[in-house]
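Novice: okay, predicted coordinates and the sequence, questions at the end:
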Protein chains: 2
Amino acid sequence: MTASSQRLPDLQVDPSPPRSSIVLVVLDGLGGLPHAETGRTELETAQTPHLDALAARASLGMLEMVAPGVTPGSGPGHLALFGYDPLTTVIGRGLLSALGVGIDLRPGDVAARLNFATFDAEGRVTDRRAGRPSDAEAHRVIDRVMAGLKPPAGVEVSLHAEKEHRVVLRVRGEQLAAALTDTDPLVTGVPDLPCEALDAASARTAEIVGDTLAQVRTLLADEPALNGFLARGFAAYEPIPTQHERFGLRGLAFAKYPMYRGVAKLVGMQVPAVPGSAEETITLLEQHWGEHDLYFVHFKDTDTCGHDGDFAGKVAAISEIDALMPRITALNPDVLIVTGDHSTPAIYGEHSWHHVPVLLASRWARPSATSFGESTCRGGDLGTLRACDLMGLALAHAGRLVKYGA
Amino acid sequence: MTASSQRLPDLQVDPSPPRSSIVLVVLDGLGGLPHAETGRTELETAQTPHLDALAARASLGMLEMVAPGVTPGSGPGHLALFGYDPLTTVIGRGLLSALGVGIDLRPGDVAARLNFATFDAEGRVTDRRAGRPSDAEAHRVIDRVMAGLKPPAGVEVSLHAEKEHRVVLRVRGEQLAAALTDTDPLVTGVPDLPCEALDAASARTAEIVGDTLAQVRTLLADEPALNGFLARGFAAYEPIPTQHERFGLRGLAFAKYPMYRGVAKLVGMQVPAVPGSAEETITLLEQHWGEHDLYFVHFKDTDTCGHDGDFAGKVAAISEIDALMPRITALNPDVLIVTGDHSTPAIYGEHSWHHVPVLLASRWARPSATSFGESTCRGGDLGTLRACDLMGLALAHAGRLVKYGA
């Protein structure tokens, strides 16, 4: 994980800033594609009187999340919104998986993504996903492993179920390192690959991982399907400069799913409680209002519907959030941003590379339209903006930046 | 020639991609400026019902070919469209000239651009272009030189007429290098400059070039005008990473002029045949359809008319290509791009720095207008895009990229 950003370190933050309030509302996977019959996207189809009123007093634009044509995962998408260039602040897959299941991470921990797999008597992989076991079945077998596993002295090895065959490995101890090769051969009919160290510092960790995976095979020898793991995406957790260090911002995150809470923690936000619903998210925001200067509010349903190819569902999810907007605007934030972490067009059914509409409402906005949608945002005052530059804009609108040069 | 691009190496290409078909149609010098009477550019004046229909199902945008205010030559313009940042993938002038005359180049060859010049009895340059000789006259004198020139053992020196006074020098042999100074003094009334090596590796090549230019002066001592050469733009040919290596794309190029075929070869495209007309270009495309996954189709007339200041001619050239578009769309490519390699506005009469309109039609497009022109493209969903990022977008639309981060 590195944290040099090409452009944002140039921001000169006022060292004794006035209190200010920035609200970042993320509708996950907001960006869409036009419906074949209407030519309108999900956002353009939804009834959004409150977002439209906000657009009328906002600067509009389109966000390029990572780079042209690049489809972001949720991790890079949120890092960008939080002000980190996802091309230079790279978080390994294992860490993102660990954040996704919400486990505690400390500096020096090594994490990896594991798949339950099926091995035959000769040690060849016959199913790279072990028949996609139920969550209950995966939990049962993980418990068996954890009961029998004997890591070396001073090392803590833990397994955490994600979903079906997906598991997260966390190794904790002194002097670990993660320059390690994957053991997943990516095809069946061959043995798994050895976990090899790519540098001297990782040699001991490679041994620990290799020994762990071998112990698992012994412990699970009598299991018909879930009798081993394939590992990939080894990554060590090294803290990155926080938003407070970089921007003078003390953030508070309201998100239901572990991945988003995890990435928020990574940049130094506090995560006070886990909301149960969209309404409760806003209630928590109201309760904590005034304590911090950045409030990140995450809504997931838009993305879920997009993945399901459910155009109408995504439309409804957007309208549902719209109905909650008056409670946010009633707080009278200095800056209110509404956007997404990537596009998940319902007709595409997955994350996509398309630009993401954004509105930034503040008393210093330059409005250009009276509705919030891809069509109005692409003609907006912000133009097409790299998402990692959005936080700088928010700071400017909040009066938190000093002039560059005399 | 270097080939590191800041952003494109980050593209993660699917290692086992589905077959896909991307067509890149380049109308050379497409971008224009408004006619004084109508306020419409060449593209906006032309009758383009088929391009307009395509625009209605395409994402539109404007391409910045190199950098703001920078007018690209054809080499950098095409390199950018092929996915190479022309600011970091720099091809020396000598090599571009060699590509332009269509001569064979092998790794290690050194090329330079020569001008026939006139020298007086004291060795001073009196005309840096030797009175702009006819092509026939230049050929006659080049034949004289080639008949008498004696290069060192193991070295092959060849001269290739370009047009009028313009000639290309190619030196082939072991251990050549091209850190060499120009011999053109850029003014008359002074002798030419010595060709000097700027590093130790180029010392021998400097000697070979110096000896060659001296031999030429002796061989042509009785010529009244064409009695010597001035040399500039020395460059060694080193292969750059191909499109196949970088993007997994196997390209096929259909272009009439050597320069475009040359740049296409440079990035690893195959160049199966030389079309005689625009119609024949499309016929060749149809014949080769299905063999590759990127098809580059080049049309030159738009640029030629722009250089001639022929607004109506450029309009007609655009309409002529428009009439051929149904034959391309009938092939049903996954991605169809129509753009230019730079602007050549007829009222300007030369290449210019202005953004170039682009349309990218695919089933995942975000249409925004029903006609193809500078005005509609500047409000399009792609925004203003660096031309070297276009190939990444095409790969995304073709389903050839994997997600960035989990």
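Specialist: Received it, and whenever you're ready, just let me know what you need. Numbers count the residues shown, from 1 in each chain, chains lettered A, B, ... in the order given.
Novice: give me the next element, helix or strand, following the lowest-mean-pLDDT helix or strand in chain A.
Specialist: Least confident helix or strand, chain A: helix A:93-101 with a mean of 87, by mean pLDDT, DSSP states H and E. Sequence order places strand A:110-119 as the next helix or strand after helix A:93-101, per DSSP states H and E.
Novice: for the stretch 1-150 of chain A, what lies in contact range of chain B?
Specialist: A:33-34, A:39, A:41, A:62, A:64, A:66-77, A:86-87, A:90-91, A:93, A:96-97, A:100 (Cβ under 8 Å from any Cβ of the partner chain). (Each C-beta comes from the backbone N, C-alpha and C, glycine too.)
Novice: returning to that earlier point: list the buried residues for the least confident helix or strand of chain A?
Specialist: Across helix A:93-101, burial judged by 16 or more other Cβ atoms under 10 Å in any protein chain shown covers A:93, A:94, A:95, A:96, A:97, A:98, A:99, A:100, A:101.
Novice: mind giving me the packing neighbours of it?
Specialist: strand A:110-119, strand A:156-163, strand A:166-172, strand A:228-236, helix A:258-266 (3 or more Cβ pairs under 8 Å, 6 or more residues apart in numbering or on different chains; DSSP states H and E).
Novice: quick one, what contacts the residue in the stretch 201-350 of chain A that chain B sits nearest to?
Specialist: With Cβ to the nearest Cβ as the measure, residue A:348 is the residue of the stretch 201-350 of chain A nearest to chain B, at 6.2 Å. Contacts for residue A:348 (Cβ atoms under 8 Å, 6 or more residues apart in numbering or on different chains) come out as A:33, A:306, B:364.
Novice: run through the stretch 201-350 of chain A and note the low-pLDDT ranges.
Specialist: Across the stretch 201-350 of chain A, not a single residue meets the criterion (pLDDT under 70).
Novice: and it, which residues reach chain B?
Specialist: Of all the residues in the stretch 201-350 of chain A, those lying near chain B are A:233, A:345, A:348, going by Cβ under 8 Å from any Cβ.
Novice: for the spatially most central residue of chain A, pull up the helix or strand it's in.
Specialist: Centroid-nearest residue in chain A, with Cα atoms, centre = their mean: residue A:75, separated by 3.0 Å. Taking DSSP H and E as the criterion, residue A:75 maps to helix A:74-81.
Novice: in terms of secondary structure, what does the host helix or strand of residue A:317 contact?
Specialist: Element membership for residue A:317, per DSSP H and E: helix A:311-329. Contacts defined by 3+ Cβ pairs under 8 Å, 6+ apart place helix A:311-329 against strand A:22-27, helix A:42-45, helix A:49-55, helix A:278-288, strand A:294-299, helix A:301-307, strand A:335-339.
Novice: give me the contacts around the fourth one.
Specialist: Right, helix A:278-288. Counting by Cβ under 8 Å, 6+ apart, A:23, A:252, A:254, A:256, A:272-273, A:275, A:295, A:297-299, A:301, A:320-321, A:324, A:327-328, A:331 sit against helix A:278-288.
Novice: for ChimeraX, write the select line for the buried members of those.
Specialist: The following ChimeraX line selects those of these that are buried, judged by 16+ other Cβ under 10 Å:
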select /A:23,252,254,256,275,295,297,298,299,301,321,324,328
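Novice: domain assignment for chain A?
Specialist: A:8-88+A:241-397, A:97-236 (automatic domain parsing).
Novice: thinking again about what came up before, the residue nearest to the centre of chain A contacts residue A:259, doesn't it?
Specialist: Yes: using Cβ atoms under 8 Å, residue A:75 and residue A:259 qualify as a contacting pair, with a distance of 7.1 Å.
Novice: which neighbours do the two share?
Specialist: A:96, A:99.
Novice: which of the helices or strands spans residue A:61?
Specialist: Going by DSSP H and E, residue A:61 is in strand A:58-64.
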